[in-house]
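Colleague: model the following, please.
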Amino acid sequence: MTAPKLHSVAPEKKSRVLIVDDNPTNVELLFAHLKPHGYTLDKAFDGEAALKRIEENPPDLILLDLMMPKLSGYEVCQQVKSDPKTQFIPVIVITALKELHDKIKAIEMGADDFLMKPFNKVELITRVKSLLKLKELYDDVDRSETIIFTLAEMLEAKDVYTRGHSERVAKYSVLLARHIGLDEQDQEWIRRGALLHDVGKIGVRESILNKPEKLSQEELAHIRSHPARGCEICRTLNSLSPVLPIIRHHHERVDGLGYPDGIGDKEITIGPRIVSIADAYDAMTSNRPYRKGIPPADALKIFQKEKANGQWDPELVGQFIELIKSETGI
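Modeller: Numbering: from 1, shown residues only. Now for the predicted structure:
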């Protein structure tokens with residue numbers, strides 16, 4: 001008996017390569033070299049057309065000439081690499097320019113590799129394969145991150161009381177981070193950490209999350225495990241390592257009486273300090289199973305009263321009060 005034919009679990013994805021050159025002969029030559037390797041090939045003959053193709057159907061790799069009409073290859077490369085949606089698309093510059101300063105300029109614009117005209121076919125294929133493999137790894141990381149963020153969203157969607165909580169915490173956290181002068185990259189890490197700060201509640205029983213009565217000591221310990229659980233869920237992705245302190249430490253206190261690690265003032269970094277304040281503010285002003293939310297003005301009074309009591313960073317609390325007053329007109 002012949003063994004049944006085995007099929008791949010998922011169909012193989014064809015990598016899409018965009019060739020950008022104002023010389024049709026060069027484009028056809030690259031098509032001829034790449035077509036036998038099973039890539040989906042696309043072309044553009046100037047910089048503007050290239051950006052339109054990239055927006056409509058982002059490729060997995062771009063082969064880019066530098067000297068082109070309308071927009072140069074330098075400008076195309078800069079726009080691709082400065083856009084978060086396309087910054088990980090590898091760009092191989094193929095050029096006849098031999099001056100060192102031309103190469104340096106392309107590197108500054110974000111080019112990943114170079115080939116000099118006339119190029120060697122074997123070298124072209126080797127570099128294309130290598131960078132497509134790197135793009136595949138980036139895509140795998142991106143998919144894994146997306147799954148974790150989706151899990152966090154699904155967790156909140158199940159509960160009318162917490163729906164939108166993490167998005168609001170992220171909004172307040174970014175506002176405070178911007179207010180105190182943190183740069184855009186730090187703001188982005190804080191935003192992502194805030195969106196994931198409660199992801200560990202996936203491992204907490206729903207009966208406890210939605211319980212309207214006071215929690216028992218055992219139930220309280222169970223729910224207080226969520227920062228450590230969330231940290232473990234996200235630890236598998238190196239790309240999320242900058243947000244792990246936010247996830248693990250957003251319930252720590254500057255007086256050392258928080259959880260799960262009981263760390264104090266100097267050990268709590270700026271991310272969890274910010275998110276803990278935003279988290280507390282949204283918790284106070286939102287309805288929960290065990291109580292109604294309070295008005296923002298009353299929440300700010302609580303912050304003012306507790307400012308020196310050791311739960312939150314007093315300086316950040318002062319900045320947050322100032323920020324919310326200016327945002328709400330209280």
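Colleague: all helices of this structure, in order?
Modeller: Taking DSSP state H, the helices of the chain run over residues 24-34, 47-56, 73-82, 100-109, 121-157, 165-179, 184-196, 206-209, 217-223, 226-235, 244-249, 270-285, 296-306, 314-328.
Colleague: quick one, the first one and helix 121-157 angle?
Modeller: Computed with axes from the mean of the first three to the mean of the last three Cα atoms, to 10 degrees, the direction of helix 24-34 lies at 80 degrees from that of helix 121-157.
Colleague: any buried residues in helix 24-34, and which?
Modeller: If you call a residue buried by 16 or more other Cβ atoms under 10 Å, then helix 24-34 has these buried ones: 26-27, 29-30, 34. C-betas here are computed from N, CA, C, even on glycine.
Colleague: return the member of the residues you listed nearest to Ile277.
Modeller: Within the set of the buried residues of helix 24-34, Leu34 lies nearest Ile277; the separation is 53.4 Å, counting by Cβ to Cβ.
Colleague: for that closest one, give me the pLDDT.
Modeller: Looking at Leu34, its pLDDT reads 95.
Colleague: and His101, by the same measure?
Modeller: 74.
Colleague: in this protein, which helix or strand is least confident?
Modeller: Of all helical and strand segments in the chain, the minimum by mean pLDDT, DSSP states H and E falls on helix 206-209, at a mean of 71.
Colleague: what helices or strands is it leaning on?
Modeller: Applying 3 or more Cβ pairs under 8 Å, 6 or more residues apart in numbering; DSSP states H and E, one finds that helix 206-209 makes contact with helix 217-223.
Colleague: hmm, back to that, just the helices of the chain: most buried one?
Modeller: Of all those, helix 244-249 carries the top mean neighbour count, a mean of 25, counting by mean count of other Cβ atoms under 10 Å.
Colleague: export it to PDB, keeping only CA atoms.
Modeller: Provided in PDB are the C-alpha atoms of helix 244-249 (Å, rounded to 0.1, in the frame of the first residue of the first chain):
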ATOM      1  CA  LEU A 244       8.300  43.600  31.200                       C
ATOM      2  CA  PRO A 245       9.000  45.900  34.200                       C
ATOM      3  CA  ILE A 246       5.700  47.700  33.500                       C
ATOM      4  CA  ILE A 247       3.800  44.400  33.400                       C
ATOM      5  CA  ARG A 248       5.400  43.000  36.500                       C
ATOM      6  CA  HIS A 249       5.700  46.100  38.700                       C
END
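Colleague: which outside residues touch that helix?
Modeller: Where contact means Cβ atoms under 8 Å, 6 or more residues apart in numbering, the residues beyond helix 244-249 that reach it are 189-190, 193-194, 196-197, 199-200, 227-228, 230-231, 234-235, 258, 260-261, 263, 268-269, 271-272, 275-276.
Colleague: mind running it again at 6 Å?
Modeller: Around helix 244-249, the neighbours that count as contacts under Cβ atoms under 6 Å, 6 or more residues apart in numbering are 193, 196-197, 227, 230-231, 234, 268-269, 271-272, 275.
Colleague: show me the residue sitting in the middle of this protein in space.
Modeller: The geometric centre of the chain, computed from its C-alpha atoms, lies nearest to Arg192 (Cα atoms, centre = their mean), at 6.2 Å.
Colleague: could you report the neighbour count for the closest residue to that residue other than its chain neighbours?
Modeller: With Cβ to Cβ, 6 or more residues apart in numbering as the measure, Val243 is the residue that lies nearest to Arg192, at 5.2 Å, once sequence neighbours are left out. The local packing of Val243 (other Cβ atoms under 10 Å) involves 26 other residues.
Colleague: tell me the one of the contacts of helix 244-249 nearest Leu134?
Modeller: The nearest one, if we look at the contacts of helix 244-249 relative to Leu134 and count by Cβ to Cβ, is Cys234, at 22.9 Å.
Colleague: correct me if wrong: the closest one contacts Pro242.
Modeller: No: in this structure Cys234 lies outside contact range of Pro242 using Cβ atoms under 6 Å: 10.6 Å.
Colleague: ok, Gly264 - contacts?
Modeller: With Cβ under 6 Å, 6+ apart as the criterion, the residues that contact Gly264 are Gly256.
Colleague: actually, Gly262.
Modeller: For Gly262, the contacting residues are Gly256, taking Cβ under 6 Å, 6+ apart as the criterion.
Colleague: please report the distance of it from Gln311.
Modeller: Relative to Gln311, Gly262 is positioned 13 Å away (criterion: Cβ to Cβ, to the nearest Å).
Colleague: now Ile89
Modeller: From Ile89 to Gln311 the distance is 45 Å (Cβ to Cβ).
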